[in-house]
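Novice: Below is the sequence, then the predicted model.
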Amino acid sequence: QVQLVESGGGLVEPGGSLTLSCQVSGMTYPYYTIGWFRHTPGKDREGVASINTSDESTYYGDSVKGRFSISRDAAKDMVYLQMNSVKPEDTGVYYCATTIMYGDLRLSEYDSWGQGTQVTVSS
C-alpha cells in the first residue's frame, strides 16, 4: 500500500519562499506520477505540479507556472515542491498524490493521497 507523508508547510509572507516535501513509500510499480494538489475551503481541489518518474517530465498548473518547481530525489523516494514568489491565493492545504498512469494533473487519475500540509501566505 502506497503511503505519502507531506511536510514543510507553515506561514510565509507574500513574496517569500517555502519548500514542501513528500515521502513516498510502498510503491511497487517502477514508474509512476507524483502530483501536488491544493485545497482551499470553498474551492475545488486544484492541481499544482506533477512529475513522471519514467522520464522526469513535469507539468504545472497555470496559476503557479514560473513560480513553483517540482523535483524529486529518487534515491530517497522524496518529492519536493519549491514555492517562490508566493501569493495569498497560494494559501491552502497541499497534498501529494500518486498514480501509476503517465499523467499530468487530472485529479481522477490519482488514487493514493497523503494527509496534507497547511500553507498560509499572509503578512
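Specialist: Cool, got the structure.
Novice: Report pLDDT for the one residue sitting closest to the centre of the chain.
Specialist: The centroid of the chain falls nearest to residue 36 when counting by CA atoms, centre = their mean (2.0 Å). At residue 36, the predicted lDDT confidence score is 98.
Novice: which non-adjacent residue is nearest it?
Specialist: Once flanking residues are discounted, residue 36 sits nearest to residue 48: 4.3 Å by CB to CB, 6 or more residues apart in numbering. No exception for glycine: its C-beta is placed from N, CA and C like everyone else's.
Novice: For that neighbour, give me its contacts.
Specialist: When the contact criterion is CB atoms under 8 Å, 6 or more residues apart in numbering, the partners of residue 48 are 35-38, 60-61, 64, 68, 81, 94, 105.
Novice: so the residue nearest to the centre of the chain sits in a helix?
Specialist: No - secondary structure of residue 36 (DSSP: H, G, I helix; E, B strand; the rest coil): strand, not part of a helix.
Novice: How much space separates it from residue 105?
Specialist: Distance of residue 36 to residue 105, computed by CB to CB, to the nearest Å: 9 Å.
Novice: Throw the contacts of residue 48 into TSV and include distance to residue 10, thanks.
Specialist: Shown next, in TSV, are the contacts of residue 48 (distance: CB to CB, whole Å):
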residue	distance to residue 10
35	21
36	16
37	18
38	14
60	22
61	21
64	18
68	16
81	13
94	11
105	24
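Novice: Go through those and name the one nearest residue 54.
Specialist: Nearest to residue 54, judged by CB to CB, of the contacts of residue 48 is residue 35 at 14.5 Å.
Novice: I'd like the average pLDDT over stretch 108-121.
Specialist: Mean pLDDT, computed over stretch 108-121, is 96.
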